[in-house]
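J.: below are the sequence and a predicted model for it; my questions follow.
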Amino acid sequence: MKRKEIRKGTWKQVLTLWDTNWTSEKVEQALGIYEEDNNDPSTLTSTVSYSYNGVTTSVNVSSTVRTNDPIIRNFIINRNFYFGTGTTNQGWGFQSQWPIFDGNTNVMYTLPYEVINL
């Protein structure tokens, strides 16, 4: 994304597979947003929950990223919240029929999904 596009508030579509097997045992997942630069590496860390046979535990997740700036967004997405409210207006309207999240921040985004039952 170019700086001019950022200044203009241009929406960019990033199409990627989130988790092809997000089972109910995977209670949470982490999502980080950062500006990539040619800088010394930084570490993006999160702690997510995992539940199996009624026992819930926490798992630390980390990734090495290269950025000159603070991490823009680093948050946990709860599975039940995501699928329960993923099509509901979050208070910031819609973009391409999907609700906008974090409309009061410098980076707004949508989290579209499709459930495929095999």
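T.: Yep, it's here. Residues are numbered from 1 along each chain as shown.
J.: enumerate every residue touching the most centrally placed residue in the chain.
T.: For the chain, residue 31 is the residue whose C-alpha lies nearest the centre (Cα atoms, centre = their mean; 3.6 Å). Counting by Cβ atoms under 8 Å, 6 or more residues apart in numbering, residue 31 makes contact with 73-75, 77. Where you see a C-beta, it was placed from the backbone N, CA and C, and this is true even at glycine.
J.: among the residues you listed, which one is most surrounded by other residues?
T.: Tallying neighbours with other Cβ atoms under 10 Å puts residue 77 at the head of the contacts of residue 31, with 16 neighbours.
J.: quick check: phi and psi on it?
T.: phi -110, psi 120 (degrees, to the nearest 10).
J.: can you pull the pLDDT of the residue with the largest distance to the centre of the chain?
T.: The centre of the chain is farthest from one residue, residue 53, which by Cα atoms, centre = their mean lies 26.8 Å away. With respect to pLDDT, residue 53 scores 85.
J.: please apply the same query to residue 26.
T.: 86.
J.: tell me where the chain has helices.
T.: 3-8, 79-85 (DSSP state H).
J.: most tightly packed of those helices?
T.: Of the helices of the chain, the one with the most neighbours on average (mean count of other Cβ atoms under 10 Å) is helix 79-85, at a mean of 13.
J.: could you dump it to PDB, C-alpha only?
T.: Coordinates of each C-alpha in helix 79-85 appear next as PDB, following Å, rounded to 0.1, in the frame of the first residue of the first chain:
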ATOM      1  CA  ARG A  79     -14.300 -17.700  18.200                       C
ATOM      2  CA  ASN A  80     -17.800 -17.400  19.600                       C
ATOM      3  CA  PHE A  81     -17.800 -13.600  19.300                       C
ATOM      4  CA  TYR A  82     -16.400 -13.800  15.700                       C
ATOM      5  CA  PHE A  83     -19.000 -16.200  14.400                       C
ATOM      6  CA  GLY A  84     -21.800 -14.800  16.600                       C
ATOM      7  CA  THR A  85     -21.400 -11.200  15.600                       C
END
